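J.: Need coordinates for the following:
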Amino acid sequence: MAPADPAKKKTTPVIQNRKARHEFHIDKTWEAGIVLQGTEVKSLRAGNAQFTDAFAFLKDGEIWLKDFYIKEFEQGSYNNHDTRRDRKLLLNREEIRKIDRAVLEKGFTLVPLQLYFKQGKAKIEIGLAKGKKLHDKRASIADRDVKREMDRAKKFGV
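T.: I've put the predicted structure just below:
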């Protein structure tokens, strides 16, 4: 049996922003690295973080993540991290240019979708998002309910 390719290893999200897909239309996504301190990594591996009200923004040709809450590490010392500090995202220059052009369009913003570990490094998936209106949210809920009913009928052969 051949060894599995580590680059194709399936990653499971540690933290997900489930509300983002309800609140926004996600147009395009990117995978970015994130600059973290040691205690932040330990806290993330334990799943102690929240994406509530978090967003990404461009500043001086770099992308930063704001209001991303990472709980203080329980066994941390006086060197523990600040829970809501701005964190730098690591992307290629060309990707940053594409994101900059897309964000300049009216109504688009960068929203974090999920955080996971890939080959021991923390990665964050950010999406180019446009806010949904109330009727769009209702339509999404109705579509999801119809799909659930169809799946249920197909499963039970009704």
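J.: OK, contacts around residue 32?
T.: Counting by Cβ atoms under 8 Å, 6 or more residues apart in numbering, residue 32 makes contact with 63, 89-91, 123-126. All C-beta spots, glycine's among them, are computed from the backbone N, C-alpha and C.
J.: Sorry, slip of the keys, the one I care about is residue 95.
T.: Neighbours of residue 95 in contact, by Cβ under 8 Å, 6+ apart: residue 30.
J.: would it count as being in a strand?
T.: No: under DSSP: H, G, I helix; E, B strand; the rest coil, residue 95 falls outside any strand and is assigned helix.
J.: gap between it and residue 110?
T.: 12 Å (Cβ to Cβ, to the nearest Å).
J.: what bridges to the spatially closest residue to residue 87 that is not a sequence neighbour?
T.: Nearest residue to residue 87, sequence neighbours excluded (Cβ to Cβ, 6 or more residues apart in numbering): residue 65, at 4.6 Å. With DSSP bridges as the criterion, residue 65 is bridged to residue 56, residue 87.
J.: For residue 65, the count of nearby residues, please.
T.: Residues contacting residue 65 under the criterion other Cβ atoms under 10 Å number 23.
J.: My read is that it contacts residue 112, right?
T.: Yes: using Cβ atoms under 8 Å, residue 65 is in contact with residue 112, at 6.4 Å.
J.: which neighbours do the two share?
T.: Counting by Cβ under 8 Å, 6+ apart, the residues touching both residue 65 and residue 112 are 54-56, 124.
J.: which one among those gets closest to residue 37?
T.: When those are ranked by distance to residue 37 (Cβ to Cβ), residue 124 comes first, at 15.3 Å.
J.: is it true that the closest one touches residue 117?
T.: No: contact criterion Cβ under 8 Å: residue 124 and residue 117 do not qualify, at 10.6 Å.
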